[in-house]
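1. Task: produce atomic coordinates for the following.
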Amino acid sequence: MIDYISVQQAADKWRISKRRIQKLCEENRIDGAVRFGHAWAIPKDAPKPPDGRLRENKVKK
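-> The predicted structure follows:
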């Protein structure tokens with residue numbers, strides 16, 4: 001069985017805002033994310049999607 005995390009937990013893990021996580025889920029950019037009512041459930045092992053807003057996908061430190 002796949003374990004899921006909340007939007008808040010994903011935001012903390014990936015160091016981006018909760019709203020950005022929600023938009024990524026709405027755009028189907030997080031594989032395996034499912035919606036339950038008003039909440040999103042994200043697979044615990046889902047990788048952070050690349051930021052399409054940047055020309056080069058650089059990792060910020």
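2. Where do the helices of the protein begin and end?
-> Assigned helices in the chain, in chain order: 7-14, 18-26 (criterion: DSSP state H).
3. Touching stretch 27-37 from outside, list them.
-> For stretch 27-37, the external contacting residues (Cβ atoms under 8 Å, 6 or more residues apart in numbering) are 2, 4, 10, 21, 24-25, 40-43, 46, 49. For glycine as for every other residue, the C-beta is placed from the backbone atoms N, C-alpha and C.
4. quick one: buried residues of the longest strand anywhere in the chain?
-> For the chain, the longest strand by residue count, based on DSSP state E, is strand 39-43. Buried positions in strand 39-43, judged by neighbour count with 16 or more other Cβ atoms under 10 Å: 40-43.
5. List just the nearest of these to residue 15.
-> Nearest to residue 15 out of these is residue 42 (Cβ to Cβ; 14.8 Å).
6. residues contacting the most centrally placed residue in the chain?
-> Centroid-nearest residue in the chain: residue 21, 4.4 Å away (criterion: Cα atoms, centre = their mean). Counting by Cβ under 8 Å, 6+ apart, residue 21 makes contact with 7, 10-11, 14, 30, 40, 42.
7. got those residues as a markdown table, with pLDDT columns?
-> Shown next, in a markdown table, are those (pLDDT from 0 to 100):
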| residue | pLDDT |
| --- | --- |
| 7 | 97 |
| 10 | 96 |
| 11 | 97 |
| 14 | 96 |
| 30 | 96 |
| 40 | 97 |
| 42 | 97 |
